[in-house]
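Visitor: next come a sequence and a model predicted from it.
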Amino acid sequence: MGYIGGRLNVFMIALVSLSMVGTAGATLYYQEQMENGDTSTENVKKEVQETREKLQQKQKELNSTEEELQNLREDMEDFSGITEEIQEAESSREELENELIRAEQNVSQTRSKLEDKTDELEKVRQNLQRARKERDDAVEEANENERRVIELRNEIDDLAQRYNSLVEDYDSMYTDCQDADDCSPGRNPPGKYSR
């Protein structure tokens with residue numbers, strides 16, 4: 001904006017100087033023609049007319065220059081508005097960059113938490129596998145113990161049957177001995193087995 005304003009000021013000074021030089025030159029020329037007296041009245045009128053036309057032309061140029069100056073001022077105002085928009089865009093960009101930084105930080109924190117949770121999940125899976133193996137081992141051991149209990153119960157039942165059979169055989173032998181009176185004198189006869 002300072003560069004444009006400087007160019008406008010130089011342009012205006014040059015334009016005003018040119019106008020003044022042109023006007024001064026025309027005036028001096030007119031005075032010289034009047035002092036010499038050699039020029040006819042028609043020539044003087046012609047010179048005056050030309051001078052007026054030049055002045056009108058300069059006025060038109062001045063008016064055009066003023067219009068251009070006004071347009072430049074409007075352009076400068078528009079440029080000022082654009083500058084504000086650029087500043088607002090820059091501010092918005094900085095805010096977006098800050099939001100992006102915060103978002104990246106949040107993503108990094110989330111990834112870290114996810115990694116921690118993944119490690120915890122892996123530990124839980126390992127613990128679960130160990131627990132399942134221990135459970136399977138315990139179930140296998142319980143089944144083995146149950147089978148052993150069944151075997152022991154069967155052995156106990158077999159022993160009980162054998163015991164009862166032996167007792168019955170003994171009682172039968174004792175009864176037969178008593179009935180046959182086959183027990184020798186002086187010998188201690190077997191007593192009745194008491195269960």
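Guide: Now that the structure is in, tell me what you want to look at.
Visitor: residue 152 and residue 159, how far apart?
Guide: The gap separating residue 152 from residue 159 is 10 Å, by CB to CB, to the nearest Å. Quick note: C-beta positions are derived from backbone N, CA and C, even for glycine.
Visitor: hmm, I typed the wrong one, I wanted residue 99.
Guide: 87 Å.
Visitor: identify the contacts common to residue 152 and residue 159.
Guide: Common neighbours of residue 152 and residue 159, counting by CB atoms under 8 Å, 6 or more residues apart in numbering, are absent.
Visitor: next secondary structure element downstream of the helix or strand of the chain with the lowest mean pLDDT?
Guide: None of the helices or strands of the chain scores lower by mean pLDDT, DSSP states H and E than helix 2-36, at a mean of 60. Downstream of helix 2-36, the first helix or strand assigned by DSSP states H and E is helix 41-180.
Visitor: so where's the protein shaky on pLDDT?
Guide: Flagging of the chain using pLDDT under 70 yields the residue ranges 1-41, 44, 78-81, 181-195.
Visitor: can you do 80?
Guide: Within the chain, the stretches with pLDDT under 80 are 1-48, 66, 69, 72-86, 176-195.
Visitor: contact partners for residue 144?
Guide: Taking CB under 8 Å, 6+ apart as the definition, residue 144 has no contacts.
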